[in-house]
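Asker: fold the following, please.
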Amino acid sequence: QEHLVESGGGLVQAGASLRLSCTASARTRSVMAWFRQAPGKEREFLAAIVWVGGITNYADSIKDRFTISKDNTRNMMYLQMNSLQPGDTAVYYCAARPQGWLTRDENSYDSWGQGTQVTVSS
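Answerer: Numbers count the residues shown, from 1 in each chain. Have a look, this model is predicted:
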């Protein structure tokens, strides 16, 4: 497992943008991903990226507004979120898996950050 730390969350108005960051401790990994969990709901997959190569996969619900990216030299992953809506309010988590291919299954990721709160007001 590796240590992951998210940052960049906050309180914004509908229509605003935010960029979340995830700092990773290990030198490499296979795949990193973003999930979120709203109050009273299950954790939801948002996007994943292959660390070497950069292939991405998005949930249909956010693919037109959110963009996942990474900086291998800085060991960081990002989630650019545009046109935020109140329905995007949740705790956002980054996750990583040391081996394997892209997956939306949260049980396949063995490292998780503590989460960062994103609140979107109407």
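Asker: going forward, measure contacts between C-alpha atoms and count neighbours the same way
Answerer: OK.
Asker: which residues of this protein fall in helices?
Answerer: Listed in chain order, the chain contains no helices at all (DSSP state H).
Asker: check contacts around the spatially most central residue of it.
Answerer: Nearest residue to the geometric centre of the chain (C-alpha atoms, centre = their mean): residue 34, 2.2 Å. With contacts taken as C-alpha atoms under 8 Å, 6 or more residues apart in numbering, residue 34 has the following neighbours: 45-48, 79, 92-95.
Asker: give me that answer again for 6 Å
Answerer: Applying C-alpha atoms under 6 Å, 6 or more residues apart in numbering, one finds that residue 34 lies in contact with 46-47, 93-94.
Asker: between those, which has the most around it?
Answerer: With neighbours defined as other C-alpha atoms under 10 Å, the most crowded of the contacts of residue 34 is residue 94; it has 31 neighbours.
Asker: kindly state the beta-bridge partners for that one.
Answerer: When bridges are called by DSSP bridges, residue 94 pairs up with residue 34.
Asker: ok, now residue 45?
Answerer: Checking residue 45 by DSSP bridges, which sets the bridge assignment, gives partners residue 35.
Asker: how far away is the residue of the chain positioned farthest from its centre from residue 35?
Answerer: Checked against the mean C-alpha position of the chain, the extreme residue using C-alpha atoms, centre = their mean is residue 122, at a distance of 22.8 Å. Using C-alpha to C-alpha, to the nearest Å, we find residue 122 at a distance of 22 Å from residue 35.
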